[in-house]
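Peer 1: structural data only, the sequence is not supplied:
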């Protein structure tokens, strides 16, 4: 029997609650560094009074989690409304339908192009959950090309998080982590570009192998026994109307400002939400909708996103429970202690493993950097590793585990309506390959004195 995403998340919430009774409470002292970031003092850990989370308080933490996740929740909501409006107007159906029709057998080239595009969004601009509003479009596109929902989801979700993990300029991981580690901002770029190329290459080969298998033998799709919910995009060579061209222009301009604003103006969720809202209104008027119809359509499209929004909020409750229980710092301190007395390649690999595990407890990139980087930087100094290598281990651990840890997978599967066991069957071999590649690259970095 397939467990509902909420059931799985709830079980982890209960586990987190139990841990607040069994793991000693502890904390580090925090201060604001010269860059204006709140970080911990790695030498200040101390145990404190136990503050276990009661069963009732566990449910109260859900409300706090929704407050903490409000930015992501509303960003996905308005992204869905914007993309949904474009789909309802037939904009993408006409545009991509015509492209696929013209390309015919070469249409498979669209998949790596799309993956590289999303990969660059994660690598350069630090976009991640903000791209989830693209799921309806890419799933419809994949189904129209003879693939399945897993392919349509992978070209967004796996691509953007692969780019996020093998970041080149990501301001939310590389920028924050290097500032805390006190190494030059965006230094070590050449090696990170190499990492990006390698990981994106692995991803593209893996997804394309599965996609080709599904297209040639639909019965081999992991979702062959699961009814599809999308009719896909009609393939035709019909002329694209002026209104559709104008709507496509709005989409391209909006995407440009999301990336440019994130890189150059420090835009984050609030600004991106505003752009999606502006784009939604513009597309509505371009296609002859009045104000009331635009509002009604937003409500109608947005109602289909409620499940996804709830999963996001509940997923964040796990870290809220552990934070309120005072055990997050204790977990970090215990894992960091494993590095003491180690050296060389083993230290580098162990640091990578620890960062992967920490991402389960602290899913926020900047949040994980603020807690772990002061400790990892100090331990890197003590074990003969470079601080740049510590940043690389953080970058890999914070990003790649997002495609595997259930807190993120439950949220994503709820959004794309793919059974969790099916997703794990697809992604587990890829995660294993990616982890081996991480270990190899970490060892190479150590060997060359990165």
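Peer 2: Yep, that arrived. Bear in mind the structure is a predicted one, so any value in this text is a computation, not a measurement. Numbering: from 1, shown residues only.

Peer 1: where does the stretch 351-450 of the chain dip in pLDDT?
Peer 2: 364-367, 382 (pLDDT under 70).

Peer 1: would you map the strands across it?
Peer 2: Counting by DSSP state E, counting those that start in this stretch, the stretch 351-450 of the chain has no strands to list.

Peer 1: how near is residue 245 to residue 290?
Peer 2: With the distance defined as CB to CB, to the nearest Å, residue 245 ends up 22 Å from residue 290. Every residue, glycine included, has its C-beta placed from N, CA and C.

Peer 1: between those two, which one's more packed in?
Peer 2: Ranked by neighbour count (other CB atoms under 10 Å), residue 245 and residue 290 place residue 245 first, with 13 against 10.

Peer 1: name the SS class of residue 52, please.
Peer 2: Following DSSP: H, G, I helix; E, B strand; the rest coil, the label given to residue 52 is coil.

Peer 1: from memory it sits against residue 21, does it?
Peer 2: Yes: judged on CB atoms under 8 Å, residue 52 makes contact with residue 21 at a distance of 4.5 Å.

Peer 1: looking at these two, which one has more neighbours?
Peer 2: Neighbours were counted for residue 52 and for residue 21 using other CB under 10 Å; residue 52 has more, 17 against 12.

Peer 1: contact partners for the more buried one?
Peer 2: With contact set as CB atoms under 8 Å, 6 or more residues apart in numbering, residue 52 has these partners: 17, 20, 21, 325.

Peer 1: pLDDT wise, what is it at?
Peer 2: If you check residue 52, the pLDDT there is 94.

Peer 1: just the helices in the stretch 201-350 of the chain please.
Peer 2: With DSSP state H, counting those that start in this stretch as the criterion, the stretch 201-350 of the chain has helices at 242-264, 269-286, 291-303, 306-324, 328-337, 344-361.

Peer 1: so which bits of the second one are buried?
Peer 2: Within helix 269-286, the residues that count as buried by 16 or more other CB atoms under 10 Å are 269, 271-273, 275-276, 279-284, 286.

Peer 1: pick the one among those closest to residue 446.
Peer 2: Of all these, residue 269 has the smallest distance to residue 446: 36.0 Å, by CB to CB.

Peer 1: mind checking how far that closest one is from residue 69?
Peer 2: Plainly put, residue 269 is 10 Å away from residue 69 if you go by CB to CB.

Peer 1: now residue 278
Peer 2: 23 Å.

Peer 1: ok, then the element right after the helix or strand hosting residue 135?
Peer 2: Per DSSP states H and E, residue 135 falls inside helix 135-144. Next helix or strand after helix 135-144 toward the C-terminus (DSSP H and E): helix 149-165.

Peer 1: can you give me the mean pLDDT across that next one?
Peer 2: According to the model, helix 149-165 has a mean pLDDT of 93.

Peer 1: what's the angle between that helix and helix 135-144?
Peer 2: Calculated by axes from the mean of the first three to the mean of the last three CA atoms, to 10 degrees, helix 149-165 forms an angle of 130 degrees with helix 135-144.

Peer 1: doesn't residue 72 make contact with residue 129?
Peer 2: Yes: between residue 129 and residue 72 there is a contact at 4.9 Å, judged by CB under 8 Å.

Peer 1: any common contacting residues for the two?
Peer 2: What both residue 129 and residue 72 touch, as defined by CB under 8 Å, 6+ apart, is the set residue 312.

Peer 1: neighbour count winner among those two?
Peer 2: Taking other CB under 10 Å, residue 129 and residue 72 do not tie; residue 129 has more neighbours (24 against 19).

Peer 1: report pLDDT for the more buried one.
Peer 2: Looking at residue 129, its pLDDT is 75.
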